[in-house]
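Novice: Structure for the following, please:
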Amino acid sequence: MSPTAEDSDQLELSAYGSSTTAEASSSTHPLLSNGHGHNHDHVPSPPTTPSRRRKHSTSAIHRRYPTLYLALKRWWKPLTAITLPFFLLFVYALVHPHVKGLPPLPKVHITSGSTPYPPGGVEEIYEEKIVHRCLCGATSEGERLCSIYHEEGLRSSRMVQGTGARMRRMLQKAREGGVMKIGVLGGSVSACHGVHPSTDYPQGDPKGPGCYTTLLKDWFDNTFPGAGHELMNGAIGGMDSSYYAFCGTHHIATDTDLIILDDIIYQAFFDQLLRALSEFPSQPAILILGAWGPQVAQDQGYGDPQIVHAPISLYYDVPYLSMKRLLFNHYLRYPESTAQAFFQPDILHPNARGHRILADLLISYLESELCMLTHYGLPVVPPVADTISSTDPFSDLVDIPFPLDTLHLVDPVTPPPNWESTFDLKPLQALTEERRFFVLPSTPYSVPPVGIFTPLRDVVDPKKPDPTSGKHITGLIQPKLFCADANDPQHPMAPTKFEGWEKFVWNGEKHYWVSSTVGARIRVEITVTAGRVAVYYFRSQHYNLGDARCWVDDNEDGAVMLSGYWTKQYNVAVVAYIDEKVTPGDHYVTCEVAKNTSHPNNPNAHHFRLTAIMAT
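Specialist: Residues are numbered from 1 along each chain as shown. Presented below is the predicted three-dimensional model:
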């Protein structure tokens, strides 16, 4: 039975009576009586309101803890001002992963005076924790992949990590709602051979739901929804970097934001390929995906082209993900099971489960870089004085106030002049305090100014005085690529003359100009800038392939013989240079089916397949 209004009043009076009784008893204390020590009749006060209760509580704290009360009264405003930013940062950190477009979290840096605290620096410890945590990304998808492959598996797959500068800039654009254009270049793996074949694509549908390219597109759509991202799959079976280094722009747009390169049998022109793609007007992020197959290891062991290409990708700051690094030891331990689980019967092309691995390696890396972007933001562009464009003299960057070495020995008996000075250790000790500010690239997104194999004698001379600026480097003219390509979907190669040659399409995918007639000639117009001219043609030990002679303009005496036959097990097109000193301008190339053939078993093998005429 609930109390009535009268009951409530009675309850309140009872509570009031108990409190006043306590006050009355305390008032009889000698120290709380009047100055004469006499007790007076206690006059009860009316019931306290909530505000009176707060004042009474504060008064009690004041009487019981006077020092604490004065400290709180004096310092509550400064304490609130100090703690409020940290509270807001905590709230922002909770909200940030769920709200698209917010700027990255600020970088925490705690110091005490000029000395980091604790020793080693809170900032350093903070960064290490973030880098380690970002290995698995910043979302539940990244954590899922870590649980499948383990941190060490994902770490080992990132053969070249790179700075991630272009990658984070691309992800920032996507996070701000931009439409991503994703381009894919490669061979039969990226063309999804053997996975989800269809009527139009009997060798495998490149848009099939199990292809790594489709899974990558799905990740972008789910992670950055609503933008309608575009994926351009320019992969063609049997093509490698030697082809795309000249003709890649025919298969993906030059305003692409992200380019994926699969690398399984790339052998040459890797430097030129990365330079050509890096110099697209959009300055795209580039990612190399090493799509390994056990058959490659059966022939070459661990020493496949990745060993050669990894230093080149490092030079161009292009991350390199390696399926081989993840599976190699597993294949050694379980060769049959690994081959059956992840590869097709040729143990070269991945099956649907193998494509899932390729997609997961890509997605895991992107998740990791997205996490780093969230914590650190985009890289800072250094001032010009700190870059290769600096006009400062060398002595402003590196101290050289004293000689340290004697001249080289020219006489094995007579010591060089001033050789005694080498016993003085003070200059060596001074080196520990020497300033060494070595110049940086112009921006975090810059392409190296020279090719990785460019002899520097063609660029600089250490025996001459230092240039006054970096224009001798930043002003270098870069080669322009030319490609008359039978596979160009918009502007295919159009010979000006072709006697005995005809167009040929293999399996609805690869396009050639072909001839089996001895003496048949084909002529293609070209444009040259740096002087090198090349022919891209098909080679195989099958198909009764013969030879052809190719030359530039009327230089038939300087013709280069190209053999279509070889003993290798795979069938691919390759690049061969036919001239390297052609003057800049318009020229033409002529190819003629040769009378003699290098085919060892068929003297009548004259079939020749021409894919493209190239120049730089």
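Novice: Every contact and neighbour count from this point should use C-alpha atoms.
Specialist: Will do.
Novice: Flag the shaky bits of this structure, pLDDT-wise.
Specialist: Low-confidence segments of the chain, defined by pLDDT under 70: 1-65, 68-69, 71-72, 93-132, 264-268, 400-411, 422.
Novice: The lengthiest helix in it: how far from the chain's middle?
Specialist: Secondary structure of the chain read by DSSP state H shows that its longest helix is helix 66-95. On the basis of CA atoms, centre = their mean, to the nearest Å, helix 66-95 is displaced by 42 Å from the centre of the chain it belongs to.
Novice: Distance of the nearest residue to Ser188 once chain neighbours are set aside relative to Ser563?
Specialist: Excluding its sequence neighbours, the residue lying closest to Ser188 (CA to CA, 6 or more residues apart in numbering) is Gly237, at 3.7 Å. As judged by CA to CA, to the nearest Å, Gly237 and Ser563 stand 21 Å apart.
Novice: Next: Gly177.
Specialist: Applying CA to CA to Gly177 and Ser563 gives a distance of 51 Å.
Novice: Compare neighbour counts for the two and give me the winner.
Specialist: It is Ser563, of Gly177 and Ser563, that has more neighbours when counted by other CA atoms under 10 Å, with 21 against 16.
Novice: ok, that one - contacts?
Specialist: Going by CA atoms under 8 Å, 6 or more residues apart in numbering, Ser563 touches Arg539, Gly546, Asp547, Ala548, Thr597, Ser598.
Novice: residues making contact with stretch 221-238?
Specialist: Outside stretch 221-238, the residues touching it (CA under 8 Å, 6+ apart) are 174-175, 177-191, 193, 206, 213, 217, 220, 251-252, 509-510, 571-573.
Novice: One more pass at 7 Å, please.
Specialist: 174-175, 177-188, 190-191, 217, 251-252, 571-573 (CA atoms under 7 Å, 6 or more residues apart in numbering).
Novice: How about stretch 160-167?
Specialist: In contact with stretch 160-167 (CA under 7 Å, 6+ apart) are residues 284-285, 310, 314, 317-321, 369, 379, 444-445.
Novice: Can I get the buried part of the contacts of stretch 221-238 as one PyMOL selection?
Specialist: A single PyMOL command is used to select the members of those judged buried by 16 or more other CA atoms under 10 Å:
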select buried, resi 174+175+177+178+179+180+181+182+183+184+185+186+187+188+190+191+217+251+252+571+572+573
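Novice: Among the contacts of stretch 221-238, which lie within helices?
Specialist: Ala174, Arg175, Lys217.
Novice: The stretch 301-450 of the chain: helices as residue ranges?
Specialist: Using DSSP state H, counting those that start in this stretch, the helices of the stretch 301-450 of the chain run over residues 306-315, 323-333, 335-342, 352-376, 426-430.
Novice: do the stretch 101-250 of the chain as well
Specialist: With DSSP H, counting those that start in this stretch as the criterion, the stretch 101-250 of the chain has helices spanning 122-133, 140-157, 165-175, 212-223, 241-247.
Novice: To Gln298, which of those helices lies closest?
Specialist: Between Gln298 and the helices of the stretch 101-250 of the chain, the tightest spacing by CA to CA is seen for helix 140-157, at 20.3 Å.
Novice: elements contacting that closest one?
Specialist: Helices and strands touching helix 140-157, by 3 or more CA pairs under 7 Å, 6 or more residues apart in numbering; DSSP states H and E, are helix 323-333, helix 352-376.
Novice: again, only this time at 10 Å
Specialist: helix 122-133, strand 320-322, helix 323-333, helix 352-376 (3 or more CA pairs under 10 Å, 6 or more residues apart in numbering; DSSP states H and E).
Novice: Output that helix as PDB, nothing but the C-alphas.
Specialist: Only the C-alpha atoms of helix 140-157 are listed here, as PDB (Å, rounded to 0.1, in the frame of the first residue of the first chain):
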ATOM      1  CA  SER A 140      37.500  -5.300 -38.100                       C
ATOM      2  CA  GLU A 141      38.400  -6.500 -41.600                       C
ATOM      3  CA  GLY A 142      42.100  -5.900 -40.800                       C
ATOM      4  CA  GLU A 143      41.800  -7.800 -37.600                       C
ATOM      5  CA  ARG A 144      40.000 -10.700 -39.400                       C
ATOM      6  CA  LEU A 145      42.900 -11.000 -41.900                       C
ATOM      7  CA  CYS A 146      45.400 -10.900 -39.000                       C
ATOM      8  CA  SER A 147      43.600 -13.800 -37.400                       C
ATOM      9  CA  ILE A 148      43.700 -15.800 -40.600                       C
ATOM     10  CA  TYR A 149      47.300 -15.200 -41.700                       C
ATOM     11  CA  HIS A 150      48.900 -14.200 -38.400                       C
ATOM     12  CA  GLU A 151      50.900 -11.000 -38.000                       C
ATOM     13  CA  GLU A 152      54.100 -12.600 -39.100                       C
ATOM     14  CA  GLY A 153      52.600 -13.900 -42.200                       C
ATOM     15  CA  LEU A 154      51.300 -10.500 -43.300                       C
ATOM     16  CA  ARG A 155      54.600  -8.800 -42.300                       C
ATOM     17  CA  SER A 156      56.700 -11.200 -44.300                       C
ATOM     18  CA  SER A 157      54.500 -10.700 -47.400                       C
END
